[in-house]
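Chemist: Give me the fold of what follows.
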Amino acid sequence: MNLDFSDDQKALQDQVRRFLAARCTSAAVRAVAEGPQLFDRALYAGLAEMGVLGVAIPEAYGGLGLTHLELCLVAEELGRAIAPTPVASSIYLAAEFLLQAGTEAQKQAWLPKLAAGTAVGAFAFAEGQGETTPARIKTVARGGKLTGEKAAVLDGDVADVAIVAARTGEGDGPEAISLFLVDLAAEGVTREAVTTIDPTRSYARIAFKNAPAEPLGGAGEGWHIASQVLDRAAILMAFEQVGGADRALEMARDYALDRMAFGRPIGSFQAIKHMLADMYVSATLARSNCYYAAWALSAGAAELPVAAATARVSATQAFLHCAKNNIQVHGGMGFTWAFDCHLFYRRANALALALGSQSVWEDHLIARMRAGNAAEAA
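Modeler: Alright, predicted model coming up:
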């Protein structure tokens, strides 16, 4: 099994890295964090112009028709640059839902817009704190109308369309949940921005009151479809986290080599060496898990659910660890607004909760491994 990427894929990654180095500078990220714009629209348009947004979208729907392997590499570079764009919500989630469960008309209507960056998508799932379960979804769909409220929807305040999980049946089981496609400009939809730890990514509370809703996928299949798409998105987001972890490690290393104390670089002190070594180990372990998950994703392997949970857990741990220790290596200056360390720390914490907390994914991993062991024993 070859777990390395091809030369063409690496060339694409290098092209995206150079583009982001020029267009997604620290100043550009801070402009979003400190200014009125909710994301960098010029950067997003540039990514669309390069074809990056449509990497894994078929050519028939305005994309490049490549694979999820290329999208994984794009995600890694977006993570390195902590790009303030809605790629995760539009491409990892909304586009994947459409590809997995959309009708031909739905795909034709929205996928070209998502690939071109002229529309932003979102996934409205959670309705409160804690793990989202079928029993906790109270939003109701009846007769083509949707009523309820979704909390902390990633990019919900800038999205044009949302995939919404809603109750269509009785009981607390997954068969009671279906998915709906909602135009967020329609009557009956109101949105309120939610402040989070990361001001470079926007969240919103979305309320629906008899809002027009179009079924996405079959009735009662929503939970199953969402579980599959969330696994795929978890792998892509894990690559973002690995990219962020690697960049935080590089920042810490460079500072440790340049900063002098007692006539020598602080990187020569044992405590700093150990800290950097621990960061390297966590980032490398996460990368290994992500590469295996990327293979499972591209091959549609049976190992995908376990690989997705493993990548998500290890990448979350790595980014949080590297972002936190990057601040420690920088010392007192690392805690100030003048240094960029906090931008990575904020993004690490935001991504750790974006698709469900680390403990949720740890529970998924344990449950899936047990199920696999039981199946082998039988």
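Chemist: can you give me the strands in the stretch 1-150 of the chain?
Modeler: Counting by DSSP state E, counting those that start in this stretch, the stretch 1-150 of the chain has strands at residues 121-124, 140-142, 145-154.
Chemist: Who does the last one pair with, and is each partner parallel or antiparallel?
Modeler: Spelled out, that is strand 145-154. strand 140-142 (antiparallel), strand 203-212 (antiparallel) (DSSP bridges).
Chemist: Out of those, which is closest to residue 153?
Modeler: Distance to residue 153, taken as Cβ to Cβ, is lowest for strand 203-212 among those, at 5.3 Å. Quick note: C-beta positions are derived from backbone N, CA and C, even for glycine.
Chemist: Can you give me the buried ones in that closest one?
Modeler: By neighbour count on 16 or more other Cβ atoms under 10 Å, the buried set for strand 203-212 is 203-208, 211-212.
Chemist: from those, which is closest to residue 181?
Modeler: Among these, residue 212 lies closest to residue 181 (Cβ to Cβ), at 9.8 Å.
Chemist: Compute the number of surrounding residues for residue 172.
Modeler: 13 (other Cβ atoms under 10 Å).
Chemist: Ok, residue 107 next?
Modeler: The local packing of residue 107 (other Cβ under 10 Å) involves 18 other residues.
Chemist: Hmm, residue 98 and residue 110 touching each other?
Modeler: Yes. Between residue 110 and residue 98 a contact is recorded at 5.9 Å, counting by Cβ atoms under 8 Å.
Chemist: and the residue nearest the centre of the chain, what is it in contact with?
Modeler: Nearest to the mean C-alpha position of the chain, by Cα atoms, centre = their mean, lies residue 237 at 3.7 Å. Taking Cβ atoms under 8 Å, 6 or more residues apart in numbering, we find residue 237 in contact with 75, 88, 92, 312, 315, 351, 354-355.
Chemist: what's the answer for residue 132, then?
Modeler: Taking Cβ under 8 Å, 6+ apart, we find residue 132 in contact with 125-126, 356.
Chemist: max-length helix in this structure?
Modeler: Across the chain, the longest stretch assigned as helix under DSSP state H is helix 222-258.
Chemist: Give me the next element, helix or strand, following that one.
Modeler: strand 260-261 (DSSP states H and E).
Chemist: strands paired with that next one, and their directions?
Modeler: Counting by DSSP bridges, strand 260-261 is paired with strand 264-265 (antiparallel).
Chemist: Skipping its backbone neighbours, what lies nearest residue 303 in space?
Modeler: residue 296 (4.9 Å; Cβ to Cβ, 6 or more residues apart in numbering).
Chemist: buried ones in the helix or strand encompassing the one you found?
Modeler: Element membership for residue 296, per DSSP H and E: helix 270-299. By 16+ other Cβ under 10 Å, the buried positions in helix 270-299 come out as 272, 275-276, 279-280, 282-283, 286-287, 289-298.
Chemist: and what of stretch 20-28?
Modeler: Using 16+ other Cβ under 10 Å as the test for burial, stretch 20-28 gives 20, 24, 28.
Chemist: contacting residues for residue 267?
Modeler: 253, 256-257, 259, 273, 276.
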